[in-house]
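K.L.:
Sequence first, then the predicted structure, then my questions.
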Amino acid sequence: EYGSPEVPEEREWLEKMSPYHNFDADADYPEPFFVTSTKDDRVHPGHARKMAKLFEAAGKPFLYYENIDGGHSAAANQQETAKRVALEFTYLTEKLMAESTE
């Protein structure tokens, strides 16, 4: 879709836009919420796992949620969708409200 990391010229371009490859342990990032699904057949959950490990190794705060069911949308049914959406709204509310009170 965007290129192949197997092709050196394309790999160079891909790494320029990669949040993983451009991570700076000294930067002050907002706390991210990584969401993935174990069974995602479009974007391997390893990408979210690697980003979470990168933040963890740097001592940066982050939240991580991996649904073991579902697929690319990280939910297998309406109940799981509701749970994921509730987690996302809670995260956003806490982040937005925290910033508005500082």
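P.N.:
Looks like it arrived, so ask away. Computed from a predicted model, the values in this text were never measured in an experiment. Residues are numbered from 1 along each chain as shown.
K.L.:
alpha carbons only for contacts and neighbour counts from here, please
P.N.:
Noted.
K.L.:
Show me what counts as buried in the one helix or strand residue 93 maps to.
P.N.:
Taking DSSP states H and E as the definition, residue 93 sits inside helix 78-101. Across helix 78-101, burial judged by 16 or more other Cα atoms under 10 Å covers 84, 88, 91.
K.L.:
Which strands or helices does it pack on?
P.N.:
Helices and strands touching helix 78-101, by 3 or more Cα pairs under 8 Å, 6 or more residues apart in numbering; DSSP states H and E: there are none.
K.L.:
Now it: average pLDDT?
P.N.:
For helix 78-101, the mean per-residue pLDDT is 86.
K.L.:
And the helices in this protein, which stretches?
P.N.:
Along the chain, counting by DSSP state H, helices occupy 8-17, 46-57, 78-101.
K.L.:
Would you reformat those as JSON lines and include distance to residue 33?
P.N.:
Formatted as JSON lines, the helices of the chain follow (distance: least, Cα to Cα, whole Å):
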{"stretch": "helix 8-17", "distance to residue 33": "19"}
{"stretch": "helix 46-57", "distance to residue 33": "9"}
{"stretch": "helix 78-101", "distance to residue 33": "8"}
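K.L.:
For residue 23, find the nearest of those.
P.N.:
Among the helices of the chain, helix 46-57 comes nearest to residue 23, with 8.2 Å by Cα to Cα.
K.L.:
still on that earlier bit, and of the helices of the chain, who's closest to residue 67?
P.N.:
helix 78-101 (8.3 Å).
K.L.:
Centre of the chain to that closest one, how far?
P.N.:
Computed by Cα atoms, centre = their mean, to the nearest Å, the chain-centroid distance of helix 78-101 equals 15 Å.
K.L.:
for stretch 44-59, same thing?
P.N.:
The chain centroid and the centroid of stretch 44-59 are separated by 8 Å under Cα atoms, centre = their mean.
K.L.:
For that stretch, list every residue counted as buried.
P.N.:
When burial is assessed from 16+ other Cα under 10 Å, stretch 44-59 yields the following buried residues: 45, 48-49, 51-52, 54-55.
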